[in-house]
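Asker: structure for this input, please:
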Amino acid sequence: QVQLVESGGGLVQTGGSLRLSCAASGRTFSSYAMGWFRQAPAKEREFVAAISRGGLHTRYRDSVKDRFTITRDNPESTVYLQMNSLKPEDTAVYYCAADLLAGAPSSSISDYDYWGQGTQVTVSS
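Answerer: Predicted coordinates:
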């Protein structure tokens with residue numbers, strides 16, 4: 001069992017920045033990959049970024065490359081999503097998720113076993 005708790009969401013203007021955090025507990029954090037997903041109103045949940053168990057490998061959806069950075073602090077059991085140059089289309093509920101079976105970062109929702117409750121990010125134009 002893994003528990004995930006996100007924080008750091010909020011309201012920001014276009015071009016601003018936010019850093020999301022996701023604190024994990026329940027299993028050895030360094031043994032599994034982590035991902036961030038988001039879901040806007042009336043839209044499907046979509047992949048944002050993922051990071052390998054050791055933090056050396058990452059992957060991003062094309063629309064956030066060069067703006068978002070995913071990192072992890074294994075001793076602190078926390079994964080972060082630094083979001084810069086935010087745009088209104090980034091508005092969504094952001095979820096972190098744990099992929100217990102793989103060490104490599106996956107973009108597939110079905111690969112993830114545990115999810116946080118989500119944190120709202122709103123970017124005003």
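Asker: name the residues of stretch 6-20 that are buried.
Answerer: By neighbour count on 16 or more other CB atoms under 10 Å, the buried set for stretch 6-20 is 6, 8-9, 12, 18, 20. Any C-beta I mention is one placed from the backbone N, CA and C, and that applies to glycine too.
Asker: report the two of those separated the most.
Answerer: E6 and V12 (15.9 Å; CB to CB).
Asker: distance to V93, pLDDT and secondary structure added to the buried residues of stretch 6-20, as JSON lines?
Answerer: Conversion of the buried residues of stretch 6-20 to JSON lines gives the following (distance: CB to CB, whole Å; pLDDT from 0 to 100; DSSP: H, G, I helix; E, B strand; the rest coil):
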{"residue": "E6", "distance to V93": "9", "pLDDT": "97", "secondary structure": "strand"}
{"residue": "G8", "distance to V93": "13", "pLDDT": "98", "secondary structure": "coil"}
{"residue": "G9", "distance to V93": "8", "pLDDT": "97", "secondary structure": "coil"}
{"residue": "V12", "distance to V93": "15", "pLDDT": "98", "secondary structure": "strand"}
{"residue": "L18", "distance to V93": "13", "pLDDT": "98", "secondary structure": "strand"}
{"residue": "L20", "distance to V93": "11", "pLDDT": "98", "secondary structure": "strand"}
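Asker: at the geometric centre of this structure, which residue do we find?
Answerer: For the chain, the residue nearest the mean C-alpha position is W36 (2.3 Å; CA atoms, centre = their mean).
Asker: go through the helix or strand in which that residue is found and flag the buried ones.
Answerer: For W36, the host element (DSSP states H and E) is strand 33-39. The neighbour-count check on strand 33-39 (16+ other CB under 10 Å) flags 33-38 as buried.
Asker: what are the ranges of the strands in the chain?
Answerer: 3-7, 10-13, 18-25, 33-39, 46-51, 58-60, 68-73, 78-83, 92-99, 114-115, 119-124 (DSSP state E).
Asker: what about those strands, which gets the closest to S107?
Answerer: strand 46-51 (4.2 Å).
Asker: the closest residue to T69 other than its chain neighbours: neighbour count?
Answerer: Among residues not flanking T69 along the chain, Q82 sits closest, at 4.4 Å (CB to CB, 6 or more residues apart in numbering). Neighbours of Q82 under the rule other CB atoms under 10 Å: 15.
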